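1. Here is my input, please return the structure:
(4 chains)
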2 protein chains.
Amino acid sequence: MLVYDWYFSVKAMATIGEPLYRRVRQDIVECELTPGKSFSEAELGRMYNASRTPVREACRRLEHEGLVRIIPFRGYSIAPLSISEFHDLQEMQSIFEPSAAAFAAERASQPELDEMQELATYEYRVNDKSSYRAFLQKNYQLHSLIAQASRNRRLSEVVSNIHVRLMRFFYLGLSFEPYGPTLVTEHISLVEAIRKRDAEEARRMAAEHIRKAVERSGSLLMSAIRFGETVFEVLPEDEISPLVSGTSTRRVQGSAS
Amino acid sequence: MLVYDWYFSVKAMATIGEPLYRRVRQDIVECELTPGKSFSEAELGRMYNASRTPVREACRRLEHEGLVRIIPFRGYSIAPLSISEFHDLQEMQSIFEPSAAAFAAERASQPELDEMQELATYEYRVNDKSSYRAFLQKNYQLHSLIAQASRNRRLSEVVSNIHVRLMRFFYLGLSFEPYGPTLVTEHISLVEAIRKRDAEEARRMAAEHIRKAVERSGSLLMSAIRFGETVFEVLPEDEISPLVSGTSTRRVQGSAS
DNA sequence: CGCGAATAGTCGGTATACCAAATGTTGACG
DNA sequence: CGTCAACATTTGGTATACCGACTATTCGCG
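-> Next up, the predicted model:
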């Protein structure tokens, strides 16, 4: 088992915060918790049977990951889904996934390669909702595993985060279902290249894969809008960037996450 | 003023957590808090005159940013500096910064361009410690501003975080001082390209800039090791990756930050 | 009737008491 | 003398009470 949880690696650990965080995150990703919905600490605490402290902690983590928004002294809301966020996320993918794939080709371990193979060759039953959901998971795992195989932990973390955020769009209804088989094919050629240890080919395949994904989601969005089934709100990507100035020495400092 | 703080945008806000977080972060970045040093919540609370709650919160955020490590039920430590971390960070730079520069060339606002100009042309007095420290700040601000100008917030956050982490190495003693003037020159050509709105040139300049930085730090590390002045510990990049499995459905899930 | 100031209500921010996990220590027993 | 179990200690994890920030509402005055 390549992918596992540090958490279980020792023992059970009867802590509330960690499982809570995971549950809430999963519910956000799967859109059980509606994007944009606002809530309070107490409320969430009731929903998940937890007191404010762990709830608070989970919310902070989730905010840091871009899944929750905090308005100081006022409350929380599930991060809304916006077209600009979707765009940013895909742009990020197109920046790092090719490199991640290239590094993976050079650095992946044998077990990782095997696992990739397995994840890529998922047989997908068209028009089967649960099969599609399973595919979303596989897709996430595959991309994460490739990133992990890049042997660059920061990179791996970023890739995971981007995919976590992207998945919300898919769960909400931006369905790639019609493209499913195509996606599987692309995954297979990508993994093929990695297994051949051909870094440049892997880079090309990944770049191509993302490029096509962007294209496809473009047309999905177009038709969604044309048919008036606006899948998500169009928000004027709120405030300006998250940078800072100190006093005299203007200090840039992103939220640095 | 391009870079500002949402925080001051409304009013003073007498909250403890936020300023505390900033102070601790600054102290970690500037290595006032020694890398590797372990501490407890209570201890840090005494040092910064704060109670456990805000301390805890700050530490969690800092852990998420890779500046602090948490050992459940045992305590905290300032994240150690390792060669592999340094390597990972530079690799991240080489992935993200060229794209950031290219986007900045296409999307930066006029005020941003002006600010970049100002940051790049910093006049640097060789052999002046305080001038060097100021330069480190400018360097950080410039890179962050370019990322900000990419108009992709996730990208901007990632780049900021990378630089925050990198700065610790410089503050610890990995001194680029002898290369100072060279760096300034490189910054100027990079900003030049961005101001000309030449995306591809900006991409090349950024890539070149990072490549050279990698080269330079390579030789710095070499000599540091040769002279036995090991600047930082060589740690066997601890445990294996941060991935997860659920129960039956093996679910990859990075710390997703 | 309109508007602004007082006010009540909501919600997060903070402090703190208490609980449980992990570890180190010590002493009884083989 | 070694081993291991009971225990003391340290440190986070969790619950909760209290406080201050922010909002919305309402009431009174012009």
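2. The lengthiest helix in chain A close to chain B?
-> The longest helix of chain A (DSSP state H) is helix A:199-226. No. Helix A:199-226 is not in contact with chain B by Cβ under 8 Å from any Cβ of the partner chain; minimum separation 11.3 Å. Placement of C-beta: from N, CA and C, glycine included.
3. what about that helix, average pLDDT?
-> Averaging pLDDT along helix A:199-226 yields 84.
4. Can you mark which positions in it are buried?
-> A:199, A:201-207, A:209-210, A:213, A:217, A:220-221, A:224 (16 or more other Cβ atoms under 10 Å in any protein chain shown).
5. Could you give the number of residues near the closest residue to A:Leu67 other than its chain neighbours?
-> Leaving aside its chain neighbours, A:Leu67 sits nearest to A:Ile28 (4.8 Å; criterion: Cβ to Cβ, 6 or more residues apart in numbering or on different chains). By other Cβ atoms under 10 Å in any protein chain shown, the residues close to A:Ile28 number 24.
6. got a list of what A:Ile28 touches?
-> A:62, A:67-68, A:78-79, A:168 (Cβ atoms under 8 Å, 6 or more residues apart in numbering or on different chains).
7. Show me what counts as buried in stretch A:58-74.
-> A:58-69.
8. can you check stretch A:36-46 too?
-> Across stretch A:36-46, burial judged by 16+ other Cβ under 10 Å covers A:39, A:41, A:44-45.
9. relative to helix A:199-226, how tilted is the particular helix or strand that has A:Ser130 in it?
-> In the assignment (DSSP states H and E), A:Ser130 maps to helix A:129-149. Angle, helix A:129-149 to helix A:199-226, by axes from the mean of the first three to the mean of the last three Cα atoms, to 10 degrees: 140 degrees.
10. Which elements pack onto helix A:129-149?
-> Packing partners of helix A:129-149 (3 or more Cβ pairs under 8 Å, 6 or more residues apart in numbering or on different chains; DSSP states H and E): helix A:83-107, helix A:110-120, helix A:153-172, helix A:180-195.
11. Just the angle for that helix relative to helix A:180-195, thanks.
-> Going by the same axes, to 10 degrees, helix A:129-149 makes 20 degrees with helix A:180-195.
12. sorry, back to before: when you check the buried residues of stretch A:36-46 against the helices, which ones overlap?
-> A:41, A:44-45.
13. ok, so of those, who is nearest A:Asn127?
-> Closest to A:Asn127 out of those is A:Leu44 (36.0 Å), distances taken as Cβ to Cβ.
14. From what I see, the closest one and A:Leu62 are in contact.
-> No. Counting by Cβ atoms under 8 Å, A:Leu62 is not a contact partner of A:Leu44; they are 10.4 Å apart.
15. tell me, what's touching these two both at once?
-> A:Val24.
16. now the nearest residue to A:Arg151 once chain neighbours are set aside: how far from DNA strand D?
-> Counting by Cβ to Cβ, 6+ apart, A:Arg151 lies nearest to A:Arg107, which is 4.6 Å off, once chain neighbours are set aside. Using Cβ to the nearest atom of the strand, to the nearest Å, A:Arg107 is found at 32 Å from DNA strand D.
17. wait, isn't A:Arg107 in contact with A:Ala149?
-> Yes. Contact status for A:Arg107 versus A:Ala149: in contact at 6.1 Å, counting by Cβ under 8 Å.
18. tell me the phi and psi of the residue lying closest to A:Pro80 once chain neighbours are set aside?
-> The spatially closest residue to A:Pro80, leaving aside those adjacent along the chain, is A:Gly36, at 4.2 Å (Cβ to Cβ, 6+ apart). Backbone torsions for A:Gly36, taken as degrees, to the nearest 10, come to phi 90, psi -20.
19. dump the residue contacts of A:Gly36.
-> By Cβ under 8 Å, 6+ apart, A:Gly36 lies in contact with A:77-78, A:80-81, A:233.
20. picking up where we left off before, out of the helices and strands packed on helix A:129-149, which is closest to DNA strand C?
-> Among the helices and strands packed on helix A:129-149, helix A:153-172 comes nearest to DNA strand C, with 21.0 Å by Cβ to the nearest atom of the strand.
21. hey, C-alpha coordinates of that closest one in CSV?
-> Provided in CSV are the C-alpha atoms of helix A:153-172 (Å, rounded to 0.1, in the frame of the first residue of the first chain):
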residue,chain,number,x,y,z
ARG,A,153,6.9,17.2,-1.0
ARG,A,154,6.0,20.8,-1.4
LEU,A,155,5.0,20.1,-5.0
SER,A,156,3.0,17.1,-3.9
GLU,A,157,1.1,19.2,-1.4
VAL,A,158,0.3,21.9,-3.9
VAL,A,159,-0.9,19.3,-6.4
SER,A,160,-3.2,17.7,-3.9
ASN,A,161,-4.6,20.9,-2.8
ILE,A,162,-5.4,22.0,-6.4
HIS,A,163,-7.1,18.8,-7.1
VAL,A,164,-9.1,18.9,-3.9
ARG,A,165,-10.4,22.3,-5.0
LEU,A,166,-11.1,21.1,-8.5
MET,A,167,-13.1,18.1,-7.4
ARG,A,168,-15.8,20.4,-5.9
PHE,A,169,-16.6,21.6,-9.4
PHE,A,170,-17.0,18.1,-10.6
TYR,A,171,-19.2,17.0,-7.7
LEU,A,172,-21.3,20.1,-8.1
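22. Now do that helix, average pLDDT.
-> 94.
23. Could you tell me the angle between that helix and helix A:129-149?
-> 170 degrees.
24. which parts of helix A:153-172 are buried?
-> A:153-171.
25. And stretch A:186-200, by the same measure?
-> Residues of stretch A:186-200 classed as buried under the neighbour-count rule (16+ other Cβ under 10 Å) are A:186-195, A:198-199.
26. Show residues contacting that stretch.
-> Here stretch A:186-200 has contacts from A:101-106, A:108, A:113, A:116-117, A:119-121, A:139, A:142, A:146, A:149, A:201-202, A:204-206, A:208-209, A:212, using Cβ under 8 Å, 6+ apart.
27. Kindly report the residues of the stretch 51-200 of chain A close to DNA strand D.
-> By the rule Cβ under 7 Å from any atom of the strand, the part of the stretch 51-200 of chain A lying against DNA strand D is A:51-54, A:57, A:72-74.
28. which regions of the stretch 51-200 of chain A lie under the pLDDT threshold?
-> Scanning the stretch 51-200 of chain A for pLDDT under 70 picks out A:174, A:177.
29. if you set the cut-off to 90 instead, what comes out?
-> Along the stretch 51-200 of chain A, the model assigns pLDDT under 90 to residues A:82-84, A:121-136, A:170-184.
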